[in-house]
Each structure stands twice: as structure tokens, then as C-alpha cells.
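S.K.: below are the sequence and a predicted model; questions follow.
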Amino acid sequence: MELATALKGQIVQNRVREVGINPNYWYPVVWADRLKPGQVQPVTLWQQSIAVYRDAAGQAHGLENACPHKGIELHRGEVRQDRLVCPYHGWEFAPSGECVNIPYFPPDQKLPCAQARSYPTTERYGIVWVFPGDPALAAAAQLPEVPEYADPNCLVIPITGLFKSHFSISNENTMDVFHGFLHKNLQGWFDPVLLKLAQTDCSVEAKYQVSYRGKFTKFLGLSTNAEGITTRKVEIHYQYPHYHSTMEGVSSLYLMRLPVSPTETRSFSLLFLPKVRLPSWLKSAIKPVFVPLVRRLLFMPFLGQDVEMMESEQQTYRQNPNRRYTEVNPAILALQRVIVRQYEQFVQQSSQLESSQLESGQPEFGQSEFGQPGSGQLERLLSGMPLSAVGSESKASESRQELL
Ligand code: FES
Ligand SMILES: [Fe+2]
């Protein structure tokens, strides 16, 4: 649906800061090269702790990070072939989460039914992805399309971000091209105009026009004259829950979001500069120098300023969740509607599912005899409400961006 692009004041109540995620999507959890065969590490996806491990054959798996025996975090254990072994009593769990061996158990006796929740896990674009929702929906759910990743001559620049803010705040920052003012000392963009805006139930597409002047125009190949002004189109496509942003002929940036908690979000970004096309041998030769240089010069100074704003926004929100705000950018309002709608849709589907399961007496997905995994999916996802009362205080000083 096409929307009007005129800027118009609207009072917003930040209900969007209170919503949870729709878990029926793939979420990035770790850079693939940070998880070697035989390694296990804990990740947090919307307050669920998951032990992600890579088996001896190189396959990545995700299990609930709590042993069904006594709750020991399984990431403290070890990987044995394709199994994750709890460090306490050595119970072994298959990728399905089923306990398949207890080292001290009589061999002729049937193992107890002890099941850790297993998360569908896959790997693409150098990232390990986990599906935290209904596993039956995982196969049909699409990962973002990143065609540049398959181009052997296109250099990919991976960047990790960590924001002490709700995912709606970090997503609004990306959609909000009107904040070039913040980056004025970096010779960022100016004179932004929203040209086009469209929204569906799960996406927002915005087209802006921006102008650049100064050293960055030269660095990015926007203008041959460093003093000249160049005007370009920027397209931002939010496809819940991730982003793709392009600047006409200059850059293509994919921002994969990992909502960690109501006050923390991580970002796995892939930056491509289509003009920098190199033969593969040269690409590998200059990569160790070029990639950190682009990160440091091009990305991190901007990101650092953005992080400060996001965290300030989060802190003020937490101090008074009832404060009202005025927004003028229709793209931000569209984004907020999508985020709220996605959560509401999920809550509605879950409550229908739970009532039909109650009627039929079927267990909820992932539910075990121990009642640990998956019990009360809706309850668990709602447990963060109101989110303003959950989580630790956000401290700007804790913010950091990790560089690979
Ligand atoms: S707590 Fe995990 S095996 Fe006992
Ligand atoms: Fe910014």
C-alpha cells in the first residue's frame, strides 16, 4: 500500500517499545567463523538462552541452554560428535534435544525421557541463524536474500553492532534518514527528502533523496570533486525483522537484527561496495587491510553517534514510559505499525493454537515431560510485559560495537 510522504506531526505513545518479537522468523545469532567444529557458545534470543554448537562434521545446532536434568547451562559442556554433553553428570543430548546417553545408567534400562528444546538452526552468508518460533514453520520461512554474497568479486564487510536499546529503537534509527544532522561533523548527508513510501503487514519500503558534500563524497566515489555536492537516492527496505538499504550505485547494506532483550539488540551487518569489484586473488590480498579501514573510516564513526542517540532514547523511555512524543516522518510511523502488528499477529496465532491444543489435549510444540521446553509459549513471550519493568538499567557507558 502506497502511503503519503508529506511530513506531518503526530503524537505517538511509544507502545512499540513494549512489544515482543514475532519469533516465526529466522534470527542471526553468531558469525559462522566464530563457531569452529567442536565449539559451543551461549547466545540470547529475546530472553531465551540457547547453546549453539558446531558438531564434528561442521553442522551447527541450537539447544535450549538448560540441561533437563538439573538446569546446568549446556554451553558449559562439550561437543562429542554431533552431541552436546552436559558438564555435570555427562548426560548426552542429540541435535534433536533428546537425551541419548547417561554414562552411569544401567545399559539394559530404558533412558528417562529428558528432552532439551531444539531450535531449527541453519547457516548462510557467514552467519548462523536460529528459528525461535514454531519449528513446523521454519522450513517455509525465508531468510533475507543477499545476492551480492554469491558474487566472487564483491567484497563483503561484516560489522557487528551492540545497542542497549529495544529493537524498535534501533530499527527506527535505520529508517530515519532525517537524522543527517547528527552526523554533520562527519560530513554526512543533508537535505533529505522522502520521495516514496509503501507498507504491507510485514514490510516498509522508503525511498529518500539525500545530498552529500566533502571528503566522503570522494571516498565513496559519489563525486570526483571533493568540494562538489552530489544528490543520490537511498532506498530502505525493512522486511520484518531485517533491513536492506542501498545508496544508488554506491553501497548495499544488509542489517540483520538479533533482539536480545527488551533493552538490548545486536546487529549483524553485511556491507557491500559494488564499485569495489576485484578479482578474487586481489580481493583476498587486500581484504585484511581494506575491510578494517572501511569499517573504521566509513562505518564506526557514524555508528558510534547513532548508538549514543539510541541509548539516550531508551534511557528516557525507561524513566517515563508514559511520556508522549511527536513524530513527523511517516516512514517511522509505518515501521512502528509493522512492528506492533507482527507481534499482535503472533500473540493472536499463539493464543488460537493454545486453545485448540487444550481442546484436543495435544502438547504444545517442544513440550517435554519435564514441562520445561516450550511450556506456555504465549505466557513466556508476554512475560516481558510491561517491558519497561524488565531488564537491567541501560547504561550508555556499557555500549560498544564489536569489530571482527
Ligand atoms: S545437570 Fe546435566 S547431566 Fe546432570
Ligand atoms: Fe546514523
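M.R.: Cool, got the structure. Ligands and ions are numbered 1, 2, ... in the order given.

S.K.: can you list the domains in the chain?
M.R.: 1-25+143-303+321-360, 27-130 (automatic domain parsing).

S.K.: mean pLDDT lowest for which of the ones you listed?
M.R.: For the domains of the chain, the stretch scoring lowest in mean pLDDT is domain 1-25+143-303+321-360; its value is a mean of 88.

S.K.: can you put the domains of the chain in CSV and add distance to ligand 1 and mean neighbour count?
M.R.: (C-beta placed from N, C-alpha, C; glycine too.) Formatted as CSV, the entries for the domains of the chain read as follows, by distance: least, CB to the nearest ligand atom, whole Å; neighbours: other CB atoms under 10 Å:
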stretch, distance to ligand 1, mean neighbour count
domain 1-25+143-303+321-360, 25, 17
domain 27-130, 3, 18
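
S.K.: could you dump these into TSV and include distance to residue 309?
M.R.: Written out in TSV, the entries for the domains of the chain read as follows (distance: least, CB to CB, whole Å):
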stretch	distance to residue 309
domain 1-25+143-303+321-360	6
domain 27-130	23
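
S.K.: out of those domains, which comes closest to residue 315?
M.R.: With CB to CB as the criterion, residue 315 lies closest to domain 1-25+143-303+321-360 of the domains of the chain, at 8.6 Å.

S.K.: hang on, the earlier thing: tell me which of the domains of the chain lies nearest to residue 137.
M.R.: Here domain 1-25+143-303+321-360 is closest among the domains of the chain (CB to CB), at 5.1 Å.

S.K.: now the closest residue to residue 50 other than its chain neighbours: which helix or strand?
M.R.: In space, residue 50 comes closest to residue 62 once its chain neighbours are excluded; the distance is 4.9 Å by CB to CB, 6 or more residues apart in numbering. When secondary structure is defined using DSSP states H and E, the element that contains residue 62 is strand 60-64.

S.K.: so what secondary structure elements neighbour that strand?
M.R.: Using 3 or more CB pairs under 8 Å, 6 or more residues apart in numbering; DSSP states H and E, the elements in contact with strand 60-64 are strand 48-54, strand 118-119, strand 121-124.

S.K.: tell me the contacts of residue 255?
M.R.: 174, 242-245, 267-269 (CB atoms under 8 Å, 6 or more residues apart in numbering).

S.K.: let me know the secondary structure of residue 257.
M.R.: Using DSSP: H, G, I helix; E, B strand; the rest coil, the secondary structure recorded for residue 257 is strand.

S.K.: ok, residue 137 to ligand 1 distance?
M.R.: Going from residue 137 to ligand 1 by CB to the nearest ligand atom, to the nearest Å gives 30 Å.

S.K.: who touches the spatially closest residue to that residue that is not a sequence neighbour in this structure?
M.R.: The shortest distance from residue 137 to any residue that is not its chain neighbour, by CB to CB, 6+ apart, is 5.1 Å, and that residue is residue 24. If a contact means CB under 8 Å, 6+ apart, then residue 24 has 131, 133-134, 137, 141, 346 as its contacts.

S.K.: ditto for residue 240
M.R.: Under the criterion of CB under 8 Å, 6+ apart, the contact list for residue 240 reads 22, 25, 202-203, 338-339, 342.

S.K.: got it, and residue 237?
M.R.: 203-205, 243-245.

S.K.: again, but for residue 172
M.R.: Taking CB under 8 Å, 6+ apart as the contact definition, residue 172 lies against 332, 335-336.
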